[in-house]
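In: The sequence and its predicted three-dimensional model are supplied below.
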Amino acid sequence: MLKLRFVKGGLSFLGIQRVSRVNAAFQSTQRVDYKPIKKVMVANRGEIAIRVFRACTELGIRTVAVYSEQDTGQMHRQKADEAYIIGKGLPPVQAYLHIPDIIKVAKENAVDAVHPGYGFLSERSDFAQACNDAGVRFIGPSPEVVRQMGDKVEARAIAIDAGVPVVPGTETPINSVSEAQEFSNTYGFPIIFKAAYGGGGRGMRVVRSYEELEENYTRAYSEALSAFGNGALFVEKFIEKPRHIEVQILGDKYGNVIHLYERDCSIQRRHQKVVEIAPAAQLDPQLRDRLTHDSVKLAKHVGYENAGTVEFLVDRQGKHFFIEVNSRLQVEHTVTEEITDVDLVHAQIHVAEGKSLPDLGLKQENIRINGCAIQCRVTTEDPARGFQPDTGRIEVFRSGEGMGIRLDSASAFQGAVISPHYDSLLVKVIAHGKDHQVAATKMSRALAEFRIRGVKTNVPFLQNVLNNDQFLHGTVDTQFIDENPKLFDLRPGQNRAQKLLHYLGHVMVNGAPTPIPVKAKPSSIDPTIPSIP
């Protein structure tokens, strides 16, 4: 089987063929057949499924949901026009990874296109190929591009060939600790192990000395194997205290690619993003131009179509290094939509139908930054216990709202049951203002309005982030949380309403604890004490 190989001086034969096809797309005047989409299925759950359903409804497209046995009562099932169960008898997560069931539902119900959302099957090339083989459009890049970008080693090689700077690292996955030691002898410590076939912080380990090498290699391998079914690792030089900047790109079937500027995702905990900002604060304009130029160049190099994100690290000297391409919609796509006024899901669907970016009015010269947007991920995690996920029933829910606030959620309502089986994301809160300070003020006000009882959340932690001087001045890097222990000085919730109700109930049942000028007597009926889950 032929593979894409890179040689000194240029691309191999197969690579030349690919570049030729991309260049031909720019020159060809022949249009791709336009096929309107009438029914979309989302192979996902939660807030991203609802986000896509809403976009489809606005476009007059019928929607189809899939759900696991554990998600029978979830909101995304209720928001779709049709809903079908998948993965009967399978564990909760595996149900959404069962490609045969998903394809079966699509074919049996005349689905025109499948949107993968993020997570689950969104970056699986075999799923994209299965959709195409079934005659169902995959709303995303081609299966081959999904495969190339999903293989971090190959994506890195493609970036090098496209002339995009990368962090020094191994060209292929390593097979032993001795290979990692050889790399560290050449480039020095610190180094970082990364999973070759996955992301999200799993399989990542920073090593700062020879003594830590073997243990971290073993742990990273085990994490990668457990999370992605493949323990392959590659090694990179670890960049100290970088900023994590990503660029939103959008391509069509005609070779057109544009960028929608950047997002700063530097506020992370264990490589998991917590707060995202668009555009990146205090970013040198020339650096912004280099980041966006390299992102578009890389996307054109592989013939990228639909929405995607090119991620970079920026060191303290202002040099940028390619990390990876996420060939899907990101959790934080919302902040880009707020500052550019471009509905990315609408654009994804129209591109899948065969429309060009100019048809949609999306030309680079028309894309402008309007203000600043900040997204906070409100999760059911307890910051006081190392962000341990919490489960249970939401007894009270009141959200922060008002001008400049957007909420994307699925399980954020009174009575919702928070399951231990899936991601702990409760609601995405997005604030938009004329600049970073105004957006931060709106976000801080909105978070203060939230009242959530029954499960622990990270809202007090997010409030501390929003009130931090370093954050407000836009000088954060990926070590921000680790270097600010005061972020964990959490203000306990007062919970006054429930305390008052408890007191009134106590008086009604047991009588007043102290003499008062009323004739209130204890109830003659013993109350039934509800079981505590």
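Out: Perfect, thanks for sending it. Residues are numbered from 1 along each chain as shown.
In: Tell me where the model's unsure across the stretch 51-200 of the chain.
Out: 198-200 (pLDDT under 70).
In: Look up how far residue 153 lies from the closest residue to residue 106 other than its chain neighbours.
Out: Of all residues not flanking residue 106 in the chain, residue 136 sits nearest, at 4.9 Å (C-beta to C-beta, 6 or more residues apart in numbering). C-beta: built from backbone N, CA, C; applies to glycine. From residue 136 over to residue 153 the distance is 30 Å, taken as C-beta to C-beta, to the nearest Å.
In: Now do the same contact list for residue 190.
Out: Residues near residue 190 by C-beta atoms under 8 Å, 6 or more residues apart in numbering: 206, 207, 208, 237, 238, 240.
In: now those residues: which count as buried?
Out: 207, 237, 238 (16 or more other C-beta atoms under 10 Å).
In: beta partners of the first one?
Out: Residues found in beta-bridge contact with residue 207 (criterion: DSSP bridges) are residue 191.
In: so it makes contact with residue 184?
Out: Yes: in terms of C-beta atoms under 8 Å, residue 207 counts as a neighbour of residue 184; the distance is 7.5 Å.
In: who does the longest helix along the chain touch, helix- and strand-wise?
Out: What stands out as the longest helix in the chain, according to DSSP state H, is helix 285-302. Helix 285-302 is packed against helix 13-27, helix 143-150, helix 152-161, strand 243-251, strand 257-269, strand 306-314, strand 320-326, with contacts defined by 3 or more C-beta pairs under 8 Å, 6 or more residues apart in numbering; DSSP states H and E.
In: tally of neighbours for the residue nearest to residue 106?
Out: 20 (other C-beta atoms under 10 Å).
In: ok, it to residue 312 distance?
Out: 34 Å.
In: now residue 246
Out: The gap separating residue 246 from residue 312 is 7 Å, by C-beta to C-beta.
In: Kindly report the same for residue 428.
Out: Taking C-beta to C-beta, one finds residue 428 at 23 Å from residue 312.
In: if you count what's nearby, which of those two comes out ahead?
Out: More crowded of residue 428 and residue 312, by other C-beta under 10 Å: residue 312, with 26 against 23.
In: Show me what that one bridges to in the sheet.
Out: Under the criterion used (DSSP bridges), residue 312 bridges to residue 245, residue 322.
In: per-residue confidence for it?
Out: We have a pLDDT of 97 for residue 312.
In: so how far is residue 62 from residue 331?
Out: Relative to residue 62, and taking C-beta to C-beta, residue 331 is found at 26 Å.
In: more crowded one of those two?
Out: More crowded of residue 331 and residue 62, by other C-beta under 10 Å: residue 331, with 21 against 18.
In: Apart from its neighbours in sequence, what residue is nearest the more buried one?
Out: residue 118 (5.9 Å).
In: Near that neighbour, how many residues? Count them for me, please.
Out: Neighbours of residue 118 under the rule other C-beta under 10 Å: 16.
In: cool, and residue 346?
Out: Neighbour count of residue 346, defined by other C-beta under 10 Å: 15.
In: Setting aside sequence neighbours, what's the nearest residue to it?
Out: Residue 346 sits nearest to residue 55 (C-beta to C-beta, 6+ apart), 5.5 Å away.
In: which SS class is the one you found?
Out: helix (DSSP: H, G, I helix; E, B strand; the rest coil).
In: ok, it - contacts?
Out: 343, 345, 346, 349.
In: Please give the element, helix or strand, for the nearest residue to residue 332 once chain neighbours are set aside.
Out: Leaving aside its chain neighbours, residue 332 sits nearest to residue 276 (3.9 Å; criterion: C-beta to C-beta, 6+ apart). Assigned by DSSP states H and E, residue 276 belongs to strand 272-278.
In: Which residues does that strand contact?
Out: Residues external to strand 272-278 that are found in contact with it (C-beta under 8 Å, 6+ apart): 200-201, 244, 261-265, 267-268, 331-332, 335-336, 338-339, 372-377, 436, 458, 462, 465, 471, 474, 481.
In: Would you give the sheet partners of that strand, along with the direction of each?
Out: Partners of strand 272-278 in the sheet, by DSSP bridges, are strand 257-269 (antiparallel), strand 372-379 (antiparallel).
In: circling back: which one among the contacts of residue 190 gets closest to residue 228?
Out: residue 206 (19.3 Å; C-beta to C-beta).
In: returning to that earlier point: quickly list what's touching both of residue 207 and residue 184.
Out: In contact with both residue 207 and residue 184: 191, 213, using C-beta under 8 Å, 6+ apart.
In: List the buried residues of the helix or strand encompassing residue 445.
Out: Using DSSP H and E, residue 445 sits in helix 436-449. Within helix 436-449, the residues scored as buried using 16+ other C-beta under 10 Å are 436, 439, 440, 442, 443, 444, 446, 447.
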